[in-house]
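Chemist: Here you go, sequence then predicted model.
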Amino acid sequence: MWSTAADELAHGLRPVPSGPAYRVNSPPANAPVTQELSAELARVLERFAKDSGFSEQRPVHIQFGQGTVGHHQAGRAADIYGVEGIGIEKWKARWDAKLGLARRAEQRHAPARQERHSNLGWRLYKALQVYGYWTQPYGYPIQLFGPWTREEGPWKYISDGLLAAHGDHIHVAK
């Protein structure tokens, strides 16, 4: 990781920008990324925000955290730790609790449909999956990991270690 913001800019890295319907509410140093990744994230985050009912008057807040290994060192990866002030791990716990109750009550469709509509963590993961174009190094999975990876994909065969390492955030790389 570069040591200062000036070093990052000198190496072509920039923070993930805020957009009309979403705001990045973490320090710029948390996600210094390439122009290509910055543009891809901006495009997908704006679509996620608008599809989720947010607007310029009422934007959604996205929190990035620092990554330290692999693609992060070259600015080719970013980690999203929160949506609208709630951590990704809390969105996942809520998801599991709601769908677990639905399974036990054998009323799967209504609670699942409601949770799919209201769970911003899951909605963000799905927007990244459906609308984003992420790297897939030869012999490796698509670089979209998070707590929903085994259930939702795009690459469901993730190791226990990799899944545990991404239980509290969503990782994307381009």
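Modeler: All right, it came through fine.
Chemist: Against Trp155, how distant is Gly146?
Modeler: In this view, Gly146 and Trp155 are 11 Å apart by C-beta to C-beta, to the nearest Å. Where you see a C-beta, it was placed from the backbone N, CA and C, and this is true even at glycine.
Chemist: So which of these two has more stuff around it?
Modeler: Between Gly146 and Trp155, Gly146 has the larger neighbour count (other C-beta atoms under 10 Å), namely 27 against 17.
Chemist: Find the nearest non-adjacent residue to that one, please.
Modeler: Distances taken as C-beta to C-beta, 6 or more residues apart in numbering put Ile170 closest to Gly146, at 3.7 Å, once the chain neighbours are dropped.
Chemist: What is the burial count for the one you found?
Modeler: As a burial measure, Ile170 scores 25 neighbours (other C-beta under 10 Å).
Chemist: ok, what's across the strand from it?
Modeler: In this entry, Ile170 is beta-bridged to Ile80, by DSSP bridges.
Chemist: Surely it and Leu124 touch.
Modeler: Yes. Ile170 is in contact with Leu124 according to C-beta atoms under 8 Å; the separation is 6.8 Å.
Chemist: got any residues that touch both of those two?
Modeler: Residues touching both Ile170 and Leu124 by C-beta atoms under 8 Å, 6 or more residues apart in numbering: Ile80.
Chemist: which residues touch Gly85?
Modeler: Going by C-beta under 8 Å, 6+ apart, Gly85 touches His61, Gln63.
Chemist: Quick check: next helix or strand after the worst-scoring helix or strand of the chain on mean pLDDT?
Modeler: With mean pLDDT, DSSP states H and E as the measure, the helix or strand of the chain carrying the lowest mean pLDDT is helix 5-10 (a mean of 48). Proceeding N to C from helix 5-10, the next assigned helix or strand is strand 14-15, under DSSP states H and E.
Chemist: same for that next one, what does it pack against?
Modeler: strand 32-33, helix 35-51 (3 or more C-beta pairs under 8 Å, 6 or more residues apart in numbering; DSSP states H and E).
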